[in-house]
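# the amino acid sequence is not available; the structure is as follows:
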């Protein structure tokens with residue numbers, strides 16, 4: 001096609017603008033596509049009881065933003081990941097490990113080096129959190145995740161030494 005000189009000159013800025021807009025949109029789309037976090041699903045990840053908890057997860061824990069994962073009933077926060085969650089892990093039985101209650105959700109804490117494992121107690125399916133306490137506070141993690149974990153109904157609670165003293169004794 002042949003265009004008159006005035007029309008040709010008008011098309012150049014339009015083309016440049018179109019190319020600039022396309023490049024900006026491509027940058028936005030690609031910039032928002034960070035790779036999914038590779039998290040192995042728990043054995044009972046397909047349990048429908050995980051769904052209400054998963055949709056209630058916070059967008060951030062402290063300064064760590066929620067990221068996409070590649071497995072069902074999993075979540076991760078931070079880049080690199082500071083907190084990883086898996087719903088559908090084995091339900092812990094009676095234990096002598098430390099158990100804390102945060103916002104009416106009981107958590108069994110296993111301190112490792114460097115990763116701690118925090119698992120809901122008395123809820124089925126159980127939820128597991130892996131975190132490094134040197135990177136993010138366990139108090140922040142449990143406070144931010146307890147409301148979502150409470151979506152899975154509790155059937156038992158942790159008991160401590162003081163609770164055992166109140167039990168009737170047999171004669």
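In hand now; what should we look at? Since this is a predicted model, take the numbers as computed values, not measurements.
# list the contacts for the residue nearest to the spatial centre of the chain?
Nearest residue to the geometric centre of the chain (C-alpha atoms, centre = their mean): residue 75, 3.4 Å. By C-beta atoms under 8 Å, 6 or more residues apart in numbering, residue 75 lies in contact with 54, 57, 66, 69, 84, 85. Every C-beta, even on glycine, is put in place using the N, C-alpha and C of the backbone.
# ok, of the residues you listed, which one's closest to residue 113?
residue 84 (16.7 Å; C-beta to C-beta).
# is the nearest residue to that closest one once chain neighbours are set aside bridged to anything, and to what?
Using C-beta to C-beta, 6 or more residues apart in numbering and skipping the chain neighbours, the partner closest in space to residue 84 is residue 130 (4.5 Å). Counting by DSSP bridges, residue 130 is bridged to residue 84, residue 117.
# could you do residue 64 as well?
residue 61.
# so it touches residue 85, yeah?
No - counting by C-beta atoms under 8 Å, residue 64 does not reach residue 85; the two are 11.7 Å apart.
# who has more neighbours, these two?
Neighbour totals were compared for residue 64 and residue 85, and residue 85 leads with 28 against 22 (other C-beta atoms under 10 Å).
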